[in-house]
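K.L.:
Model the following, please.
(chains A, B, C and D)
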Number of protein chains: 2
Amino acid sequence: MKSEKISDAVVRRLPVYLRFLNQLSQREVPTVSSQELGQKLALNPAQIRKDLAYFGDFGRKGIGYDVSYLIEKIRQILNLDQPINVALVGAGNLGQALSNYNAYLKDNMKIVSIFDAFPSKIGTQINNITVQPIEELKETVKANNIRIGIITVPDTEAQRVADVLVEAGIEAILNFAPTILKVPPEIRIHGADFTTDLLSLAYYLEGKEHLSDES
Amino acid sequence: MKSEKISDAVVRRLPVYLRFLNQLSQREVPTVSSQELGQKLALNPAQIRKDLAYFGDFGRKGIGYDVSYLIEKIRQILNLDQPINVALVGAGNLGQALSNYNAYLKDNMKIVSIFDAFPSKIGTQINNITVQPIEELKETVKANNIRIGIITVPDTEAQRVADVLVEAGIEAILNFAPTILKVPPEIRIHGADFTTDLLSLAYYLEGKEHLSDES
DNA sequence: TAGATTGTTAATCGATTAACAATC
DNA sequence: TAGATTGTTAATCGATTAACAATC
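P.N.:
Numbering: from 1, shown residues only, chains lettered A, B, ... in the order given. Purely as a prediction, here's the structure:
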């Protein structure tokens, strides 16, 4: 076990491990090797061992990793052994989809409040949560111990919403708007803009060569 | 201009450049420097110049990049100078959100068909597109020159859908299901699972130290 | 004991950044 | 001409992978 700084690349693989381990657990598989994990997750086994070894000696030589134990450990590392409250800002189509999509519920994460700026949205119910005006965000975040904010507003509003979230004391933001947001360095922010993903896929389409002008 | 292989990291930045350039274009800004791009996009200017130089000499020394010209070039590189048809598989909440979210329309990408396995969904209209059964996917993809597939079905169905898309001759897949899909190497696949993003954010929350057992 | 598999060091690979001559 | 900024090479940095002693 080292105490080097952990790179984001490593951290982002942890939920991937966790998800697959949960599947193994359901099937009551007792142990798993880095070999098998690597095969199923399309990762190098050495990388998996190294990732896990940053946090502790979780495996047993000659045996592999105990599935239940590793799940418990990864959940601890990711702070998922405590409930984490999330606020969603933007009750449009995407926001509604995310709030319905409660897959992270079992991981102790829960959207507890939803905000919108549009008057016609305010007061409506989404999954038993009443949509509140953004003016109430700060107070609600503090009162409900909300630590993560999800931004699903139009890109023109995203920076303003980010500012409000930061002011309210949120610690991390998942931003679905296609804009680079400016936040203080202590706030963790991940971009989740799928239009970027989709457009970049077009690069790989065949049938048209990328020739320079002077060809 | 080189003809090295272009890394995916570079390709994924191109849509980010494009998006910001489009904003500049709307404001009728004539030219932009790598310096300014870097500042606004939180990237190193040298990296931006290097990224662009892979594809051609688009800038002018002492001046910067002509906004309109660079937009045109990046669109060509990304194959966005031709219309690209997209199929969406999974007409649930997320799928509906994506199909409403027509931000990529202006980039020549268009969802032209929507598929679902659930009988109650089939025949319903989403944004003027009639939801079809997955059985019709192969034929429709071929008939409509659909080249990209978006998967928004439950993870248990994702691999099966991917197989159908591949068999239908799709060239690239954007997968929102939280599973690692197996596809032939010539198929480009990007994962867009936001639960991974969200869970990894929890790692960065303060207030609980990651101590080893023997501390 | 023999086979399997970890944790970790060293080697490799690739991506980012700095620096600067060329030139608008 | 002086200032700005590119394109590109070289230097740096960081992440991935290979290899293997330790050991279950």
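K.L.:
Now the helix or strand of chain A with the lowest mean pLDDT - C-alpha only, CSV.
P.N.:
Ranked by mean pLDDT, DSSP states H and E, the weakest helix or strand in chain A is helix A:93-100, scoring a mean of 91. Output in CSV follows, covering the C-alpha atoms of helix A:93-100 (Å, rounded to 0.1, in the frame of the first residue of the first chain):
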residue,chain,number,x,y,z
ASN,A,93,-36.1,15.8,-20.5
LEU,A,94,-32.6,14.8,-19.6
GLY,A,95,-33.0,15.7,-16.0
GLN,A,96,-36.2,13.7,-15.8
ALA,A,97,-34.5,10.7,-17.4
LEU,A,98,-31.6,10.9,-14.9
SER,A,99,-34.0,11.1,-11.9
ASN,A,100,-35.9,8.1,-13.1
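K.L.:
tally of neighbours for the residue in chain A positioned nearest to DNA strand D?
P.N.:
Taking C-beta to the nearest atom of the strand as the measure, chain A has A:Gly62 as its residue closest to DNA strand D, at 2.1 Å. Every residue, glycine included, has its C-beta placed from N, CA and C. Using other C-beta atoms under 10 Å in any protein chain shown, A:Gly62 has 6 other residues around it.
K.L.:
Could you list the contact residues of chain A toward DNA strand D?
P.N.:
With the criterion set to C-beta under 7 Å from any atom of the strand, chain A comes near DNA strand D through A:7-10, A:43-44, A:46-47, A:49-50, A:60-63.
K.L.:
picking that back up, what angle do the least confident helix or strand of chain A and helix B:93-100 make?
P.N.:
With axes from the mean of the first three to the mean of the last three C-alpha atoms, to 10 degrees applied, the angle from helix A:93-100 to helix B:93-100 works out at 170 degrees.
K.L.:
Just list what helix A:93-100 packs against, helices and strands only.
P.N.:
Applying 3 or more C-beta pairs under 8 Å, 6 or more residues apart in numbering or on different chains; DSSP states H and E, one finds that helix A:93-100 makes contact with strand A:84-89, strand A:109-116, strand A:125-126, helix B:93-100.
K.L.:
okay but A:Leu41 is in contact with B:Ile180, surely?
P.N.:
Yes - applying C-beta atoms under 8 Å, one finds A:Leu41 in contact with B:Ile180, separated by 5.5 Å.
K.L.:
Quickly list what's touching both of the two.
P.N.:
The contact sets of A:Leu41 and B:Ile180 overlap at A:Val16 (C-beta atoms under 8 Å, 6 or more residues apart in numbering or on different chains).
K.L.:
Now the lengthiest helix in chain A: average pLDDT?
P.N.:
Assignment by DSSP state H gives helix A:8-26 as the longest helix of chain A. Averaged across helix A:8-26, the pLDDT comes to 97.
K.L.:
who's in contact with that helix?
P.N.:
Helix A:8-26 is contacted from outside by A:32, A:37, A:40-41, A:43, A:48, A:51-52, A:54, A:67-68, A:70-71, A:74-75, A:77-78, A:107, B:178, B:180, B:195-197, B:199-200, B:203-204, using C-beta under 8 Å, 6+ apart.
K.L.:
Show me which of those residues are buried.
P.N.:
Taking 16 or more other C-beta atoms under 10 Å in any protein chain shown as the criterion, what is buried in the contacts of helix A:8-26 is A:32, A:37, A:41, A:43, A:48, A:51-52, A:54, A:67, A:70-71, A:74-75, A:77-78, A:107, B:178, B:180, B:195-197, B:199-200, B:203-204.
K.L.:
Among these, which are located in helices?
P.N.:
Checking those against DSSP H, those in helices are A:37, A:41, A:48, A:51-52, A:67, A:70-71, A:74-75, A:77, B:195-197, B:199-200.
K.L.:
Excluding sequence neighbours, find me the nearest residue to the residue nearest the centre of chain A.
P.N.:
For chain A, the residue nearest the mean C-alpha position is A:Leu174 (6.9 Å; C-alpha atoms, centre = their mean). Spatial nearest neighbour of A:Leu174, chain neighbours left out: A:Ile150 (4.8 Å); criterion: C-beta to C-beta, 6 or more residues apart in numbering or on different chains.
K.L.:
now do A:Gln159
P.N.:
Of all residues not flanking A:Gln159 in the chain, A:Leu181 sits nearest, at 5.7 Å (C-beta to C-beta, 6+ apart).
K.L.:
Check A:Ile63 too.
P.N.:
A:Thr31 is the one closest to A:Ile63 (C-beta to C-beta, 6+ apart), at 5.9 Å.
K.L.:
and what of A:Ala177?
P.N.:
A:Ala158 (3.6 Å).
K.L.:
and if you look at A:Glu157?
P.N.:
A:Ala117 (6.8 Å).
K.L.:
Brilliant, that's me finished.
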